[in-house]
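S.K.: Provided below are the primary sequence and the corresponding predicted coordinates.
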Amino acid sequence: MRETRKVVLVQEIMQRKVVTIKEGQEITEAARKLLRGETNHLPVLNEQGRLTGVVTTFDIAKAVARPERKVKVQDIMTRNVITTQADEPIDIAAQKLDHHRISALPVVDAQNQCIAILHASDLGKLFKPGGGRP
């Protein structure tokens, strides 16, 4: 007899409290948010609240190492953002993390609004008693 496994979705382990930043803000504000939010990834939003990029602690470090002028988040962010959706199976999201060698995926809705974030470390919740489900 075959065992039927429940498909675990991103929404079951994603971090709903996500710290974001606007494109036009300075990197000093991004650095503050990264430190306060205890995260290494900041989804970058445009004025309409749509995801346009991601900035990481590594991006900030590179920008600070060559201080030419007041640098804005939009100057250093990664624009081709790999994302996931809340209803995507977690194994697909894990494959994206592995394939692209990244450690976090912004979770977006149909309007490309960032509603959460999934960190590679969140995958460990699947192995805890109860599977990390709310």
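M.R.: Nice, thanks for sending it over. Note that the structure is a prediction, hence the values are computed from the model and not measured.
S.K.: helices along this structure, start to end?
M.R.: 27-37, 57-65, 73-76, 90-100 (DSSP state H).
S.K.: which parts of the second one are buried?
M.R.: I take that to be helix 57-65. Going by neighbour count (16 or more other C-beta atoms under 10 Å), the buried part of helix 57-65 is Asp59, Ile60, Ala63. C-beta coordinates here come from the backbone N, C-alpha and C atoms, glycine included.
S.K.: now Val55: how far from Ile13?
M.R.: 23 Å (C-beta to C-beta, to the nearest Å).
S.K.: on that earlier part again, between the helices of the chain, which gets nearest to Ile82?
M.R.: helix 90-100 (5.1 Å; C-beta to C-beta).
S.K.: could you list every helix and strand in contact with the closest one?
M.R.: strand 104-108 (3 or more C-beta pairs under 8 Å, 6 or more residues apart in numbering; DSSP states H and E).
S.K.: so where's this protein uncertain?
M.R.: Where the chain drops to pLDDT under 70, the residues are 1-4, 67-68, 128-134.
S.K.: residue closest to the middle of it?
M.R.: Most central in the chain under C-alpha atoms, centre = their mean is Pro106, positioned 3.5 Å from the mean C-alpha point.
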